[in-house]
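Enquirer: Got a predicted structure here, sequence first:
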Amino acid sequence: MTNSDTIHLQKFHADQSRIYKNRARFSVWRCGRRYGKTTALENIASNWGAHGDLTGWFSPTYKLLLPTYKRILQMVRPLVKSASKIDAIIELETGGAIEFWTLNDEDAGRSRKYHHVIIDEGSLVKRGLRDTWEQSIAPTLLDYGGDAIMAGTPKGVDDENFFYQACTNKKLGWKEFHAPTSANPMISREALAKLPSEVPPLVYQQEYLAEFVNWSGAMFFSLDAMLQDGEPVPYPEKIDTAYATLDSAIKTGSKNDGTGITFWGYCRFPTPHLIVLDWELIQIEGSLLEAWLPSQFARCEELAGICGARYGSQGIHIEDKASGIILIQQGVRRGWNVHAIDSKLTAVGKEERAVSISGHVHRGEVKISRYAYDKLTTYKEMTRNHFLTQVLGFKIGEKDQADDLFDTFTYGVAIGLGDSEGF
């Protein structure tokens, strides 16, 4: 092998080495956020390929799979014989290969044979992964007596989630390795020490201690965190900008579309923070949304003026799903100040979005104005503050929750302050 055929892999940190050296035929890695599990697995797959082994890589979605494909391709480039992003296959001169599959396909891996299988972010597949494993993936290991690694961060206590089953039911034959975020020596010790006070306790337990948390019945967001000295805040005299987030998704079985919009004030100093300035929740026929939207741009401009926005109104961010797609298209065509919410943000579930922004709310970086706090409207024959009802009433694991304004809340915080994934 010449220098031009050499690939350079990232060195494991001590805890990654511990897990890899002690792995079993079927290993499940229960890891905290930023532990480095995906990076370690990418290096493992590259190493296996360089030694002539065939590896099947399985991810929940194509969006999660594609960055891994690109990083592995870059690592093994000196040995690449052929590579296809469309077919999701990297073949190496050594005879090794890494083939990529999404777990949206219940037949992922059928007809293939592998020395190794890697299932990344297995905890994100809420239902059906066990069937896919038993019927499609596990048989790919028969020819070579191959092994498998499944990795993920816990997502609640869920008896139907295969990742949870593999970690807790030893009869299934998986050897569990637990690795909290703190096991990564490259993470700042100072930052780790601050985490318990910066995020809600259950989020800290799940996301950073990598523990299985029972969210049943737990109220996720606290009103106290959104108040200042126990009171909603007045409209500020100066902000940097105002913007709005809109959810107009068509709800199955509803006669009309449920449309929610929340208006935000963003302030950069003394620390970045957001203020909920106003909100609206209406039922309106899809065909009338286009005529209704200009009044919301006007409201955003009005709020920008009231609060002395230095950079004015930044317009409305709209979820790019269902009727929202039409509104975005019409807005662009008419020159409105409209923005499609990043698909990376809309693609994840509302529970994941709630967890990702929870630190900002817990630290008091999101406040509610007196106007938005006192506001009452009638929606579906119920008169109440629908914003507070939806946001404060949200519970992880409960189905059929009213979510129009809740979605605008999570989108708004992620857009203004960023979330743990950098949106």
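Expert: Yes, it's here.
Enquirer: C-alpha only now, for contacts and for neighbours.
Expert: Will do.
Enquirer: any idea how far the nearest residue to E237 once chain neighbours are set aside lies from Y235?
Expert: In space, and not counting its chain neighbours, E237 is closest to C307: 5.0 Å by Cα to Cα, 6 or more residues apart in numbering. For C307, the distance to Y235 equals 6 Å [Cα to Cα, to the nearest Å].
Enquirer: Report the set of residues contacting both of those two.
Expert: Shared contacts of C307 and Y235 (Cα atoms under 8 Å, 6 or more residues apart in numbering): none.
Enquirer: residue ranges with poor pLDDT in the stretch 201-350 of the chain?
Expert: The stretch 201-350 of the chain contains residues with pLDDT under 70 at 217-218, 249-257, 285-287, 322-323.
Enquirer: Strands of that one, start to end?
Expert: Along the stretch 201-350 of the chain, the stretches classed as strands by DSSP state E, counting those that start in this stretch are 241-247, 257-267, 273-284, 313-318, 338-340.
Enquirer: Pretty sure T140 sits against S111.
Expert: Yes: the pair T140 / S111 is scored as a contact, 7.4 Å apart, by Cα atoms under 8 Å.
Enquirer: neighbour-wise, which of these two wins?
Expert: The residue with more neighbours, out of T140 and S111, is T140; 24 against 10, by other Cα atoms under 10 Å.
Enquirer: Who are the contact partners of the closest residue to the more buried one other than its chain neighbours?
Expert: Distance criterion Cα to Cα, 6+ apart; nearest residue to T140, sequence neighbours excluded, is K113 at 4.3 Å. The contact partners of K113, taken as Cα under 8 Å, 6+ apart, are L54, P139, T140, L141, L142, D143, Y144.
Enquirer: And the protein, what are its domain boundaries?
Expert: 3-202, 223-417 (automatic domain parsing).
Enquirer: Let's have the contacts of K113 in TSV, adding secondary structure and distance to E176.
Expert: Output for those, formatted as TSV (DSSP: H, G, I helix; E, B strand; the rest coil; distance: Cα to Cα, whole Å):
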residue	secondary structure	distance to E176
L54	strand	24
P139	helix	21
T140	helix	22
L141	helix	20
L142	coil	22
D143	coil	25
Y144	coil	23
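Enquirer: just to revisit the earlier point, output the domains of the chain in CSV; the columns should cover distance to V213.
Expert: Shown next, in CSV, are these (distance: least, Cα to Cα, whole Å):
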stretch, distance to V213
domain 3-202, 5
domain 223-417, 11
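Enquirer: ok, back up a step: mind putting the strands of the stretch 201-350 of the chain into a markdown table with distance to M219?
Expert: A markdown table is the format used below for the strands of the stretch 201-350 of the chain (distance: least, Cα to Cα, whole Å):
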| stretch | distance to M219 |
| --- | --- |
| strand 241-247 | 22 |
| strand 257-267 | 21 |
| strand 273-284 | 20 |
| strand 313-318 | 27 |
| strand 338-340 | 30 |
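Enquirer: Alright, calling it a day.
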